[in-house]
Every structure is written in C-alpha cells, then in structure tokens.
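A.B. asks: Pasting the sequence and the predicted model now:
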Amino acid sequence: MSGKLKKSKPGTYLSIGTTLFGAVSVAKQARQARQEGDRLQLVDAVVSAAAIVTGVALLIRELRRAGDGSPALDVRADD
C-alpha cells in the first residue's frame with residue numbers, strides 16, 4: 001500500500017452514503033443554474049457531479065479489494 005490507512009467496510013459504506021448525500025445539493029445547484037441561465041454555476045455543478053461519481057467509484061473499488069463480493073456493487077460487465 002502507498003501509506004494510506006485502510007477503512008473498515010462500515011466506514012466505507014458510510015463514506016459512500018455521505019458522498020451520495022452530496023449529490024442532492026449538486027442536483028439543486030444544477031437545477032437553479034439552469035433556471036437562472038447561469039452557465040458558470042452549471043459547469044460547477046457538472047464538475048461536482050463528476051467528482052461524486054469518481055469518489056463513489058473509488059470507494060466501491062476499495063470495497064471490492066477488501067473482499068466484498070456483493071453482486072449489487074459489481075459494476076463490471078459480464079463477459
């Protein structure tokens with residue numbers, strides 16, 4: 001490992017939940033930006049949404065590496 005502390009599975013699930021909770025405010029921000037025609041605020045919302053998606057993907061990868069074989073979290077395509 002590269003010096004990172006390992007999270008527990010419950011801690012990782014909590015991180016996923018809090019990260020997804022941030023999606024609510026990003027959705028509100030995007031809606032408001034569209035209503036006001038504010039392109040800069042809309043770009044900020046899109047970038048924030050991309051960060052949320054990336055963060056959740058990293059947390060799911062962490063769960064997989066920890067040995068959680070839950071099919072609900074497996075986002076890989078079946079070959």
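C.D. replies: Structure received. Numbering: from 1, shown residues only.
A.B. asks: When you work out contacts or count neighbours from here on, use the C-alpha atoms and nothing else.
C.D. replies: Noted.
A.B. asks: can you pull out the helices in this protein?
C.D. replies: Taking DSSP state H, the helices of the chain run over residues 9-36, 39-65.
A.B. asks: check contacts around the residue nearest the centre of the chain.
C.D. replies: By Cα atoms, centre = their mean, the mean C-alpha position of the chain lies nearest to Val56, the distance being 2.9 Å. By Cα atoms under 8 Å, 6 or more residues apart in numbering, the contact set of Val56 is 16, 19-20.
A.B. asks: And the pLDDT at it?
C.D. replies: pLDDT recorded at Val56 is 92.
A.B. asks: How much space separates it from Val46?
C.D. replies: 15 Å (Cα to Cα, to the nearest Å).
A.B. asks: And stretch 34-46, what's buried?
C.D. replies: Buried residues in stretch 34-46, counted by 16 or more other Cα atoms under 10 Å: 41-42, 45-46.
A.B. asks: try stretch 12-22
C.D. replies: So for stretch 12-22, counting by 16+ other Cα under 10 Å, buried means 12-13, 15-16, 19-20.
A.B. asks: Repeat that for stretch 45-58.
C.D. replies: Judged by neighbour count using 16+ other Cα under 10 Å, the buried positions of stretch 45-58 are 45-46, 48-49, 52, 55-56.
A.B. asks: Please tell me how far it is from the chain's geometric centre.
C.D. replies: Offset of stretch 45-58 from its chain centre (Cα atoms, centre = their mean, to the nearest Å): 5 Å.
A.B. asks: ok, now stretch 31-51?
C.D. replies: Centroid separation for stretch 31-51 versus its chain: 17 Å, with Cα atoms, centre = their mean.
A.B. asks: go on, stretch 47-61?
C.D. replies: For stretch 47-61, the distance to the chain centre is 3 Å (Cα atoms, centre = their mean).
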